[in-house]
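Visitor: Please work out how this folds:
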Amino acid sequence: MTRIAAPLLAAIAVVNGVALAQGVEDPMAQLRACSELQREARLECLDRLSHAAAPTRREVSKANNWTISETTSPVDYSPIATATTSDSVDSSMKLSIRCRGGRTELSFTGPAISGRGDGYAISYRINDGQPVQVAATVPAAGSGVAVAGDAVRLLQALPDNAVLAVHLSRGAGAAQDATFSLAGLDRMRARMAAVCKWPLAVARPGN
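Guide: Residues are numbered from 1 along each chain as shown. I've put the predicted structure just below:
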């Protein structure tokens, strides 16, 4: 048995013993058991623990065109919430709102979107209003194009039941257009505001 394997097996036994003794998984006790190991064994123990503790995603609700889901980070057990809706024309592009660790992000993904997100220009239009340009950036997680800046304030400015037209362009490449129905936006915002702990001033529509 290798030098790493022996203490790793011991840690697994400790972790499992803690869970069995308490009848439920105690994340802090399991983390403490891993932290007592040497560096290599500790990393393997934490990796095993993170996979064992990975929660099952559960659907919270369907708000008209929005699918809202929640899960928990296996690293620090902080809430992760995602609200997604699809292009109302051909569903090829998706609009996603995701929060994790106190940060909320609005992004667009689709098979025709490639390369770095900060290489795109984003403009949007509400109903028959004038186009508004916003800066683009690379999403914190995953692929696509994210809106730079305060996503919560942008989301709060969008009216419920409106139509959001989005235009993505990238240099000499082909532009991407999508249309999203904002039906159910108020319900989605209320749910995300609660889970993501948005500031009260921006969590209430109309402020």
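Visitor: how about the nearest residue to S86 once chain neighbours are set aside, what does it touch?
Guide: Excluding its sequence neighbours, the residue lying closest to S86 (CB to CB, 6 or more residues apart in numbering) is K94, at 5.3 Å. Quick note: C-beta positions are derived from backbone N, CA and C, even for glycine. Applying CB atoms under 8 Å, 6 or more residues apart in numbering to K94 gives the contacts 84-87, 108-110.
Visitor: pLDDT at K94, what is it?
Guide: pLDDT for K94: 96.
Visitor: how's this protein carved up into domains?
Guide: For the chain, the structural domains run 5-53, 58-203, going by automatic domain parsing.
Visitor: can you give me the helices in the chain?
Guide: 5-22, 27-35, 39-53, 151-157, 185-196, 200-203 (DSSP state H).
Visitor: So for the fourth one, mean pLDDT?
Guide: Meaning helix 151-157. For helix 151-157, mean pLDDT rounds to 94.
Visitor: Show the contacting residues for A162.
Guide: With contact taken as CB under 8 Å, 6+ apart, A162 is in contact with 126-127, 182, 185.
Visitor: Same question for A146.
Guide: Neighbouring residues of A146 by CB under 8 Å, 6+ apart: 105-108, 117, 136-140.
Visitor: V89 too?
Guide: 178-179.
Visitor: Same check on H167?
Guide: Contacts of H167 were listed using CB under 8 Å, 6+ apart, and they are 122-125, 131, 175-177.
Visitor: Show me the beta-bridge partners of the spatially most central residue of the chain.
Guide: Closest residue to the average C-alpha location of the chain: R98 at 3.3 Å, with CA atoms, centre = their mean. For R98, the beta-bridge partners are T82, E105 (DSSP bridges).
Visitor: sorry, back to before: ok, now how distant is the residue nearest to S86 from G171?
Guide: Distance from K94 to G171, counting by CB to CB, to the nearest Å: 23 Å.
Visitor: now L182
Guide: Shown here: L182 relative to G171, a distance of 29 Å by CB to CB.
Visitor: Which one of these two is surrounded by more residues?
Guide: Each of L182 and G171 has its neighbours counted (other CB atoms under 10 Å); L182 has more, 22 against 8.
Visitor: Verify the contact between that one and N161 for me.
Guide: Yes - counting by CB atoms under 8 Å, N161 is a contact partner of L182 at 6.1 Å.
Visitor: Check the domains of the chain for me: which has the lowest mean pLDDT.
Guide: Per-stretch mean pLDDT for the domains of the chain is lowest at domain 5-53 (a mean of 57).
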